[in-house]
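Trainee: What follows is a predicted protein model with its sequence.
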Amino acid sequence: MTDIRHFLDLDKMSAETLSDILDLGSVEKAGKAPFGDKPLAGKTLALIFEKPSTRTRVSFEVGMRQLGGDVVTLDAESSQIGRGESIADTARVLSRFVDAIMIRTTDESKLLELAQYATVPVINGLTDQSHPCQIMADLMTIKEHKGRLDGLKFAWVGDGNNVSTSFIHAAPKFGFALDLACPVGYRPNQGLIETANAEGGKVRLTDMDSALDGADVIVTDCWVSMGDKDADARMEALTPYQINASTMAKAKPDAIFMHCLPAHRNEEVTDEVIDGPQSVVFDEAENRLHAQKGVLLYCFNGLPS
């Protein structure tokens, strides 16, 4: 089937489609229901978790049910995925049972294989390489607080991880400048930056002071993530990149602070910042629900004409 609407990575989708998905989520959040009440009644979403989750699991389960559908949740321990069944066979089987599949996994190749063999939409709930659903929620939050995305300056500070990769993918789509301040050994792939800039992006690796100077949005993430085996080295390299009152003061006075959570408080960010007046982290967390409802409506129903 060639007309399946997957949601795999932001760089694989047009700017217009991504903006329309964000608008769908915002309209749903406002209670306007562009596809009517309970548009996904009779539809079932399979959620596959090879990595633990709080926000992804709850937001997809609640979002699907608010739209009238149902969910089936699988993890490695309770399914044949953890016992050696191939991703391709899992895709073929689940496609006979459900109407869409969300996967939160490790290597991107698993996501791509699932999409290759599934005959229903596949949604990227996270891989080690990217986290597009998180960025859609982040962009919704920024737009709510700043009124726009185009022309803003974002500062990513810390580990150049999968979330930073999806910000790089988003930059040329939405017209914001992105400065990344990351220590040597923890920087995003230079090829990603070059590709984004070739598509009209304004993305650069720079030092922390330059990244923060004039920033409208400051974003960080935890330094030690699921599966990282180099915790001591990470802590040593990333400690100078902590977001605290002093570093926040280098940005614009009305800059907002973001973190996808869970946070390791007083490591990558201090309590005074994450609990302070510039923090929008809990708006950001809530918007996982609304942005993903936009993704679900797109994958199932397309976009309103």
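Mentor: Yep, that arrived. Numbering: from 1, shown residues only.
Trainee: Return the list of helices and strands in contact with the longest helix anywhere in the chain.
Mentor: Longest among the helix segments of the chain by residue count, using DSSP state H, is helix 281-301. On a contact count with 3 or more C-beta pairs under 8 Å, 6 or more residues apart in numbering; DSSP states H and E, helix 281-301 meets helix 15-29, helix 55-66, strand 100-104, strand 122-126, helix 132-146, strand 256-259. Glycine gets a C-beta too; all of them are placed from N, C-alpha and C.
Trainee: can you do 10 Å?
Mentor: helix 15-29, strand 44-49, helix 55-66, strand 100-104, strand 122-126, helix 132-146, strand 256-259, helix 271-274 (3 or more C-beta pairs under 10 Å, 6 or more residues apart in numbering; DSSP states H and E).
Trainee: any chance of these in JSON lines, plus distance to A196 and mean pLDDT?
Mentor: Below are the helices and strands packed on helix 281-301 laid out as JSON lines (distance: least, C-beta to C-beta, whole Å; pLDDT from 0 to 100):
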{"stretch": "helix 15-29", "distance to A196": "12", "mean pLDDT": "97"}
{"stretch": "strand 44-49", "distance to A196": "29", "mean pLDDT": "97"}
{"stretch": "helix 55-66", "distance to A196": "25", "mean pLDDT": "97"}
{"stretch": "strand 100-104", "distance to A196": "24", "mean pLDDT": "97"}
{"stretch": "strand 122-126", "distance to A196": "18", "mean pLDDT": "98"}
{"stretch": "helix 132-146", "distance to A196": "13", "mean pLDDT": "98"}
{"stretch": "strand 256-259", "distance to A196": "19", "mean pLDDT": "98"}
{"stretch": "helix 271-274", "distance to A196": "28", "mean pLDDT": "98"}
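Trainee: Let me know the distance separating the most centrally placed residue in the chain from A233.
Mentor: Centroid-nearest residue in the chain: Q134, 2.1 Å away (criterion: C-alpha atoms, centre = their mean). Distance, Q134 to A233, by C-beta to C-beta, to the nearest Å: 25 Å.
Trainee: For D213, which non-adjacent residue is closest in space?
Mentor: K250 (6.2 Å; C-beta to C-beta, 6 or more residues apart in numbering).
Trainee: next one: T141
Mentor: E284 (4.5 Å).
Trainee: Neighbours of that neighbour, how many?
Mentor: E284: 27 surrounding residues under other C-beta atoms under 10 Å.
Trainee: I'd say it and L261 touch.
Mentor: Yes. Distance between E284 and L261: 7.8 Å, which falls inside the contact criterion (C-beta atoms under 10 Å).
Trainee: hey, what's in contact with both of those two?
Mentor: 55, 134 (C-beta atoms under 10 Å, 6 or more residues apart in numbering).
Trainee: one step back: can you tell me which residues contact the residue nearest to the centre of the chain?
Mentor: Residues in contact with Q134 (C-beta under 10 Å, 6+ apart) are 55-56, 125-126, 162-163, 166-167, 221, 260-261, 284-285, 287-288, 291-292.
Trainee: any idea how far it is from S279?
Mentor: 17 Å.
Trainee: go on, E77?
Mentor: 35 Å.
Trainee: Between those two, tell me which one has more neighbours.
Mentor: The residue with more neighbours, out of E77 and S279, is S279; 20 against 9, by other C-beta under 10 Å.
Trainee: Check that one and give its pLDDT.
Mentor: Note on S279: pLDDT of 98.
Trainee: Give me the distance between the two termini of stretch 243-256.
Mentor: 12 Å (C-alpha to C-alpha, to the nearest Å).
Trainee: same deal with stretch 257-271?
Mentor: 12 Å.
Trainee: what comes up buried for that stretch?
Mentor: Neighbour counts over stretch 257-271 (16 or more other C-beta atoms under 10 Å) mark 257-261, 263, 267-270 as buried.
Trainee: Quickly name whichever of the residues you listed is closest to A100.
Mentor: C260 (22.9 Å; C-beta to C-beta).
Trainee: shaky segments in this protein?
Mentor: 1-2, 78-79, 82-83, 226-227, 305 (pLDDT under 70).
Trainee: Give me the domain ranges for it.
Mentor: Listed by the TED database, the domain ranges of the chain are 10-131+288-301, 133-285.
Trainee: Distance to D3 added to the ones you listed, as CSV?
Mentor: What follows is the domains of the chain, written out as CSV (distance: least, C-beta to C-beta, whole Å):
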stretch, distance to D3
domain 10-131+288-301, 10
domain 133-285, 22
